[in-house]
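Q: Next comes the sequence, and after it the predicted model I'd like to discuss.
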Amino acid sequence: MSSTNLPTNLQYMLTSLLGAEHANQLSGLLQIPASTLRPRADTVSRIEIAQALNMLLFEKLLKAVPQGNDYVQDSVRAGNKIRFDHGALRTVLGISTGNLPAGEAAFTRILRPLGYQVNGIYPLQRISMTGRAYAHEDDAEEIAQFFLSELHPHHFSSEFQATVNKVLSTSQDPVDAHSAQLLQQLGNDKALPLADALALLPVLVATLVILTNHDYSRWFLATEKGHYMLAYAVLSQIAGAVCMRMIIRTRY
C-alpha cells in the first residue's frame, strides 16, 4: 500500500518518516488512542501530531535501550501491546544554556502548541528540583503525558554552577526560525497542513532527545560533579515515575 492510500493521518506521517515496514512494526507494538486515528486529510490536528511525536520518541527509545526493546518484544510475543503512558524530560534553570531557552521553556515552547498543559507541580526541594506534569488537553487519559524536571543549580556551590555552565553553555537549539513559526501556527490554529507537520516532527524529535555527545558523556562518568548529575537524573526519574503514577493511576 502506498503512503497516499493509508487510511489515517497518523499512519501516513509515520510511514513518511520511518518507511512502511518500520511504521507498521511500531504501530504493532503500541496501544494507539482512538482519538488519534483520524481519516486522511490535508490538515492534521495537534493531537495527531502529538501522538506521532510520542511514537517517534518511543522508536528512538527502543534503539537506544536494548533491554527496553527486549522487554517490549517479549510483551508483544505474549500477546500484549505497550501503553506508552509518559515520557521524562530534564532541564536546568538559572544558568547559561547556550542557544537553548533556560529551564522548562526549552520544552514548553513545544509542549504547549501540541496541546499540553500543566497537570501538577511538585516542588522537590531536597534535590533542588521542581517537577511538572503535562497532560494533553484533548485526551488527557490516553495520550502520553510528560514529567518535566527542572534542576536549580543556584542552590549549590559556585564551583558546581560554573561546571554546569561550562557543560551547557555551548548548547545548540535544533528549533530553527521556520520550525518556531510552525509551532506558533500550531498553537494558534491547533492544526497544521500535513506537509508542515512532516517537516516539523523531525525537529521536535531532535529537540526532545539527547543526542550522543562523547565529551558530554565522559564528563558524567569521569567527574564528581558528573556523578552528582547522574544521581540527580536517577532521582528525578524516580520522582517522575511516582508522580505520574499518582496522576494517571496506572499499574506496572
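A: Arrived safely, thanks for sending.

Q: residue contacts, residue 170?
A: Neighbouring residues of residue 170 by Cβ atoms under 8 Å, 6 or more residues apart in numbering: residue 98. From N, CA and C alone the C-beta is placed, and that goes for glycine too.

Q: What does it show for phi and psi?
A: Dihedral angles of residue 170 (phi, psi; degrees, to the nearest 10) stand at phi -100, psi 10.

Q: same deal with the one 3 residues further on?
A: When read as degrees, to the nearest 10, the backbone of residue 173 gives phi -100, psi 120.

Q: What count of nearby residues applies to it?
A: 15 (other Cβ atoms under 10 Å).

Q: what residues are up against it?
A: Residues in contact with residue 173 (Cβ under 8 Å, 6+ apart) are 98-101, 207.

Q: go again using 10 Å as the cut-off
A: Neighbour list for residue 173: 97-101, 106, 179-180, 206-207 [criterion: Cβ atoms under 10 Å, 6 or more residues apart in numbering].

Q: Tabulate the residues you listed in a markdown table, adding columns for distance to residue 81, pLDDT and neighbour count.
A: As requested, those are exported to a markdown table (distance: Cβ to Cβ, whole Å; pLDDT from 0 to 100; neighbours: other Cβ atoms under 10 Å):
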| residue | distance to residue 81 | pLDDT | neighbour count |
| --- | --- | --- | --- |
| 97 | 37 | 72 | 22 |
| 98 | 39 | 75 | 12 |
| 99 | 39 | 79 | 11 |
| 100 | 35 | 79 | 19 |
| 101 | 36 | 84 | 14 |
| 106 | 32 | 88 | 23 |
| 179 | 32 | 96 | 21 |
| 180 | 35 | 96 | 15 |
| 206 | 27 | 88 | 14 |
| 207 | 27 | 86 | 16 |
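
Q: Just the closest of the residues you listed to residue 165, please.
A: Of all the contacts of residue 173, residue 97 has the smallest distance to residue 165: 8.8 Å, by Cβ to Cβ.

Q: Show me the domain layout of the protein.
A: As assigned by automatic domain parsing, the chain contains the domains 3-77, 86-193+210-248.

Q: Nearest to residue 200, out of those domains?
A: For the domains of the chain, the distance to residue 200 is smallest for domain 86-193+210-248, at 4.8 Å, taking Cβ to Cβ.

Q: circling back to that earlier point, turn the contacts of residue 173 into CSV, columns for secondary structure.
A: Below are the contacts of residue 173 laid out as CSV (DSSP: H, G, I helix; E, B strand; the rest coil):
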residue, secondary structure
97, coil
98, coil
99, coil
100, coil
101, coil
106, helix
179, helix
180, helix
206, helix
207, helix
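
Q: Now for residue 206: which residues touch it?
A: Residues in contact with residue 206, defined by Cβ under 10 Å, 6+ apart, are 60, 173-175, 179.
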